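Peer 1: Here is my input; please provide its structure:
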Amino acid sequence: MINELSAKWDRVLEDTVRDRARILGEKAPSDFSVLALEKLTRATLKKKSDVRFLNLIGMGGAGMKQVGEKLINGKPSFKRLVRVTTRQPLLGEKQHIDYHFYTKELFRDEEKKGNMLAVVKKTDEWRGILAKDFFELVSAGDLFFTDSKRLSPQLFIEDPRTKYVSLVTIFLLPPDFYTHVDRVGEEIKQYTLSDGNPVEDQQCLERWLREGMDQFRASNELYQGKLLIDGFIVNNDPQEAANKIRAIF
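Peer 2: Sure thing, here's the model as predicted:
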């Protein structure tokens, strides 16, 4: 299974590099690596001093939590936009710090009142952002970010309440496929509910890897002729990745 997925990773990576080069009007590099992809998109991540909002996305195991911690604790400091979820807390997660944990009934009520932004609903989980949290950060002029496996910037662009807020969307990548496999495996082990029962087991490793590569494949998606994802940053080391992000703002 791993060998099959490794070959698929190589194909997806090459296709993504070629497609991004074509869209940007650049010559595709001969080295189809994640670092080559990062370098290719560096020009689109040039200094954006007028942008305060970072939409950090990435496949499972990309290390968004670790990079986010470096963004919060370094200088200039970012604030994390805490999102709402209807799933149960995992072991060690804290209410209003990691997430706002809502029931679906409360979520539905707040959504009807117009208090939710960037709503994504799946059968087993609903997610969103409290409008008051978002606009408090915008009004304060703080650097802030949200981190998610997949939170399309299209949700902000299409909402008349948020479309005027400039944002940068960065896709965080692992340095290579086998590091990706190791990180996903470690992340799965951490998925334990607050009552001590495991959420997933090793059998979900393949599903997570396949879902991540499908997300990667869609990372050159266009909306109204423009790329939704501004660029890629490789997370070989969380501090290094955070420093690359800070250089944009």
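Peer 1: for the chain, what spans make up the strands?
Peer 2: Here the chain has its strands, by DSSP state E, at 53-58, 79-80, 84-85, 100-101, 116-121, 126-130, 144-148, 167-173, 222-223, 226-227, 231-234.
Peer 1: now the longest one, how far from the centre of its chain.
Peer 2: Between the centre of strand 167-173 and the centre of its host chain there is 7 Å, according to CA atoms, centre = their mean, to the nearest Å.
Peer 1: Contacts only, for Arg127.
Peer 2: By CB atoms under 8 Å, 6 or more residues apart in numbering, the residues touching Arg127 are 83-86, 118-121, 148. Just so you know, the C-beta spots here come from the backbone N, C-alpha and C atoms, and that holds for glycine as well.
Peer 1: and what of Leu24?
Peer 2: Leu24 touches 40-41, 43-44, counting by CB under 8 Å, 6+ apart.
Peer 1: how close does it get to Leu35?
Peer 2: According to CB to CB, to the nearest Å, Leu24 and Leu35 sit 17 Å apart.
Peer 1: Only the buried subset of the contacts of Arg127, as a ChimeraX command please.
Peer 2: Only the buried entries of the contacts of Arg127 go into this ChimeraX selection, using 16 or more other CB atoms under 10 Å:
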select :83,84,85,86,118,120,148
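Peer 1: give the contact list for the residue nearest in space to the middle of the chain.
Peer 2: The centre of the chain sits closest to Ile57, judged by CA atoms, centre = their mean, with a distance of 1.2 Å. Taking CB under 8 Å, 6+ apart, we find Ile57 in contact with 64, 147-151, 169-172, 229.
Peer 1: so which of those would you say is closest to Asp237?
Peer 2: When these are compared for distance to Asp237 (CB to CB), Leu172 wins out at 12.3 Å.
Peer 1: Identify the bridge partners of that closest one.
Peer 2: Per DSSP bridges, the residues bridged to Leu172 are Gly58, Ile233.
Peer 1: Looking at per-residue confidence, what score does it get?
Peer 2: pLDDT, Leu172: 96.
Peer 1: Determine the longest helix present in this structure.
Peer 2: helix 2-24 (DSSP state H).
Peer 1: CA atoms only for it, dumped as PDB, please.
Peer 2: Extracted C-alpha coordinates of helix 2-24, given in PDB (Å, rounded to 0.1, in the frame of the first residue of the first chain):
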ATOM      1  CA  ILE A   2       2.800   2.500   1.000                       C
ATOM      2  CA  ASN A   3       4.700   1.800  -2.300                       C
ATOM      3  CA  GLU A   4       1.600   2.400  -4.300                       C
ATOM      4  CA  LEU A   5       0.800   5.700  -2.500                       C
ATOM      5  CA  SER A   6       4.400   6.800  -2.800                       C
ATOM      6  CA  ALA A   7       4.200   6.400  -6.600                       C
ATOM      7  CA  LYS A   8       0.900   8.300  -6.600                       C
ATOM      8  CA  TRP A   9       2.600  11.100  -4.500                       C
ATOM      9  CA  ASP A  10       5.300  11.400  -7.100                       C
ATOM     10  CA  ARG A  11       2.700  11.700  -9.900                       C
ATOM     11  CA  VAL A  12       0.600  14.200  -8.000                       C
ATOM     12  CA  LEU A  13       3.600  16.300  -7.100                       C
ATOM     13  CA  GLU A  14       4.900  16.400 -10.700                       C
ATOM     14  CA  ASP A  15       1.400  17.300 -12.000                       C
ATOM     15  CA  THR A  16       1.000  20.100  -9.400                       C
ATOM     16  CA  VAL A  17       4.400  21.600 -10.200                       C
ATOM     17  CA  ARG A  18       3.700  21.500 -14.000                       C
ATOM     18  CA  ASP A  19       0.200  22.900 -13.600                       C
ATOM     19  CA  ARG A  20       1.300  25.800 -11.300                       C
ATOM     20  CA  ALA A  21       4.200  26.700 -13.700                       C
ATOM     21  CA  ARG A  22       1.700  26.700 -16.600                       C
ATOM     22  CA  ILE A  23      -0.800  28.900 -14.800                       C
ATOM     23  CA  LEU A  24       2.000  31.300 -13.700                       C
END
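Peer 1: I'm done for today, thanks for sticking with me.
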